[in-house]
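# Have a look; sequence and predicted model below, questions after that.
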Amino acid sequence: MQELQRLNPEQRRAVLHEGAPLLILAGAGSGKTRVITTKIAYLVIEKSADPMSILAVTFTNKAANEMKSRVTAMSAEAAGVMIRTFHSFGAWLLRRHSHLLGIPATYTICDQDDALVVLKNAAGERYEKQELRRYLRWIERAKDYCLGPEDDLTDVSTDRRLTDIYRLYQQRLEASGKLDFGDLIMRTVDLLRRQPEVRDRIRGRFRVVLVDEYQDANAAQFLLLKELYGPENYLCVVGDEDQSIYRFRGADVQNILRFPEAFPGTEIIRLEENYRSTQNILEAATKVVANNRERLGKSLWSKRGAGLSIGLAVLADEREEASFCAALLEDTAPGADLGNTAILYRNNYQSRIFETVFSRLHIPFRLIGTLRFAEREEVKDGLAYLAFLLNDRDEVAFLRIVNKPSRGIGRSSLEKVCAHRTAGWTEACRAALQELSARSRRGLEEFLAIMEQLSAELPRLRPAELVRKMLELSGLHAYYASKDRTEETGRLQNIEELVNAAREYPRGAEGLAGFLESLRLDSSDEDPYERVNAVNLITMHNTKGLEFDRVIVTGMEDGLIPHYREGMEEELELEEERRLFYVAMTRARDRLILTGCRRRQVFGTYKFRSLSRFLGEMPEGLLEPMTPGAAAPAEEEAGSEYGAGTGVYHDRYGPGMIIRKWQEGGHTLVDARFESGKTARFVLRYANLERISLDDR
DNA sequence: CAAGATGTAATTTTT
DNA sequence: TTACATCTTG
């Protein structure tokens, strides 16, 4: 197999390895995906392994899809290999054994929003939203550790009410015939433990189990691996303890650190040659992460030259930070692909200023990982109709859609329906009908009629047609069409997109359930691998597994990175933040630029900030200060230029023109007329008027 | 019952 | 600054 020749000795050793459990410690950019995919192809081609007997598990769909396409490129036969995320593997197994678990085969999956609704209904009105969120976090955490309500939860929280609330939540969830993300792992473990014959059958089928990004495994996922791994099986996990960044989600570095203890006889192979970054970038990143104690340690090296220095720019505020980045982008060679640059930040909200500044300057950008399709209100509405169609015990779906679009069914009417609640909501509705006012009754009858019609169509229609029908019958299409006219959001487009998304799924309940599952578990509607000439705006977490020619890490300030939050467990959190920064830095191939602000707006007022302590952990000589003035267009001292006739842009008023300028009380004042027809007077220094050319509208 | 108005609170990271 | 929750009005 010629791919083997292209590997370095350690990579080859990892591919050829068999027998004992294998832990591959793969540094950033060391070609770990290549090793896994080649290993799969090697097993199929050279060792004549049955593709069906191989299971490869990842954490994100992004990674799973990437792996799938690379594997099939090497061997068409290997298309039969099962490559899934942990969650989707659990979902698959649970669906096939739903009869053993007392859950419907067409169960739907709760996302966090849905789970919060379930919890709210379960716990009653007496809790505030924030409290409920806290409890939900604890419940999720418990599930990360495979702990049920009856288990000792003191490691999760010592709150006395947690056990009760957790139990109520779980009952309510099960009564609704739904599973949450945690269930997908926890109940799979449960299934394999309680049904030894299922476990043995699975062990018999998947003789080879490969796990990517193992450093992000949580306790439940570890336990799942334990169940999958029998005496006849081969287990290989790949990971990098320095890139473990999902502690908040229950990921535990100890999982990878202690893998050799948990699986006796484990052999370790280190991949330390980095193929991605220049020496400078690598050295800086390595020096920073070396401050961590919780690591096995490896020494990354690269054959690439020293390369460019690492740029450091300190800007006045986040607005200047964004313009600085914009100037860098505008400086790039004509024809160069903006898609080769990524702008990274710690918190999602930091993207906002980049969006505004870039839009104004007509710099194309795309937000990666944020606007999740399935989490939009209008999409959730549509999905709720479909979920309810599959399972009329689904309380979350029912409450969402019974009166959306409005059918005149208000709170009091709903309470009457709830009083009749039995197993299914259809029944409860029918039972409550005669107690309702004429108006509410008509509305509810209409709702029931809609669902009945759709139910009749369910076995006959393919999901795409069914979705179309649902949008019409439910009135959602009309509802969002009229809304869209006034609000000009793309909501109508989004729900129509639902029709397209449903194509390719087989007809009937199973097909529909499969469609809903993929939407829930595969939220990546923006494909970072797709070539687009637009700069990438992305959180540090979301960059895992990605790489870019040029990376700008923004917000290099104490409090942002490392992120501060009260009550945090100092040392552990700090090491996690350091790993996150390490991940961010090692995404860069050729050029790494760090930016921070002297002050930043917090809740509308400016706060002074100090630079990130991580900057001090980098070798002195590698950092090269960049002067904002050189790259950013001069704005401050341009006061003298804002004469009458100057085109300006104001945040509130939009584009306009200066019509008069004069001095008064030591300040320069201007009057401006805007396109809206309004005029306004500003103190030039404070007004944040941006210059634009007049034909630039 | 629903849309508008007004007041108050708050920003990690994601399958 | 904005998001969201509660109150008020049509």
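Noted; the coordinates are in hand.

# Which positions in the stretch 201-350 of chain A make contact with DNA strand C?
Within the stretch 201-350 of chain A, no position is near DNA strand C by C-beta under 7 Å from any atom of the strand. No exception for glycine: its C-beta is placed from N, CA and C like everyone else's.

# how about a cut-off of 10 Å?
residue A:349 (C-beta under 10 Å from any atom of the strand).

# Okay, helices next: where are they in the stretch 201-350 of chain A?
A:219-228, A:253-257, A:259-262, A:279-289, A:318-331 (DSSP state H, counting those that start in this stretch).

# any chance of the ones you listed in a markdown table, with mean pLDDT and mean neighbour count too?
Formatted as a markdown table, the helices of the stretch 201-350 of chain A follow (pLDDT from 0 to 100; neighbours: other C-beta atoms under 10 Å):
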| stretch | mean pLDDT | mean neighbour count |
| --- | --- | --- |
| helix A:219-228 | 96 | 21 |
| helix A:253-257 | 89 | 21 |
| helix A:259-262 | 95 | 16 |
| helix A:279-289 | 95 | 23 |
| helix A:318-331 | 91 | 21 |
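
# Distance to residue A:33 for those helices - can I get that in TSV?
Below are the helices of the stretch 201-350 of chain A laid out as TSV (distance: least, C-beta to C-beta, whole Å):
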stretch	distance to residue A:33
helix A:219-228	19
helix A:253-257	17
helix A:259-262	19
helix A:279-289	19
helix A:318-331	29
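
# residues of stretch A:183-197 that come out buried?
Within stretch A:183-197, the residues scored as buried using 16 or more other C-beta atoms under 10 Å are A:183, A:184, A:185, A:186, A:187, A:188, A:189, A:190, A:191, A:192.

# follow-up on the earlier one: closest to residue A:670 out of the helices of the stretch 201-350 of chain A?
Set against residue A:670 and scored by C-beta to C-beta, the helices of the stretch 201-350 of chain A come closest in helix A:318-331, at 19.6 Å.

# Do the closest one and DNA strand B come into contact?
No - using C-beta under 10 Å from any atom of the strand, helix A:318-331 never reaches DNA strand B; the gap is at least 10.6 Å.

# what's that helix in contact with?
Contacts with helix A:318-331, where a contact means C-beta atoms under 8 Å, 6 or more residues apart in numbering, come from A:313, A:315, A:338, A:341, A:343, A:350, A:353-354, A:356-358, A:361, A:363, A:535, A:552, A:554-555, A:593, A:595-597, A:600-601, A:628, A:631-633, A:635, A:688.

# In ChimeraX, how would I select the buried members of those residues?
A single ChimeraX command suffices to select whichever of the contacts of helix A:318-331 are buried according to 16+ other C-beta under 10 Å:
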select /A:313,315,338,341,343,350,353,354,357,358,361,363,535,552,554,555,593,595,596,597,600,628,631,632
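
# So which of the contacts of helix A:318-331 belong to strands?
Of those, the ones assigned to strands by DSSP state E are A:313, A:315, A:341, A:343, A:535, A:552, A:593, A:595, A:596, A:597, A:600, A:601.

# Would you mind naming what in the stretch 351-500 of chain A lies close to DNA strand C?
Residues of the stretch 351-500 of chain A lying near DNA strand C by C-beta under 10 Å from any atom of the strand: A:352, A:356, A:377.

# Just put those in JSON lines and tack on pLDDT and distance to residue A:304.
Output for those, formatted as JSON lines (pLDDT from 0 to 100; distance: C-beta to C-beta, whole Å):
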{"residue": "A:352", "pLDDT": "91", "distance to residue A:304": "35"}
{"residue": "A:356", "pLDDT": "89", "distance to residue A:304": "37"}
{"residue": "A:377", "pLDDT": "83", "distance to residue A:304": "47"}
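
# From DNA strand C, how far out is the residue of the stretch 551-697 of chain A found nearest DNA strand B?
Nearest residue of the stretch 551-697 of chain A to DNA strand B, counting by C-beta to the nearest atom of the strand: residue A:603, 3.9 Å away. Note on residue A:603: its distance to DNA strand C, by C-beta to the nearest atom of the strand, to the nearest Å, is 4 Å.

# helix, strand or coil for residue A:24?
Here residue A:24 is recorded as strand under DSSP: H, G, I helix; E, B strand; the rest coil.
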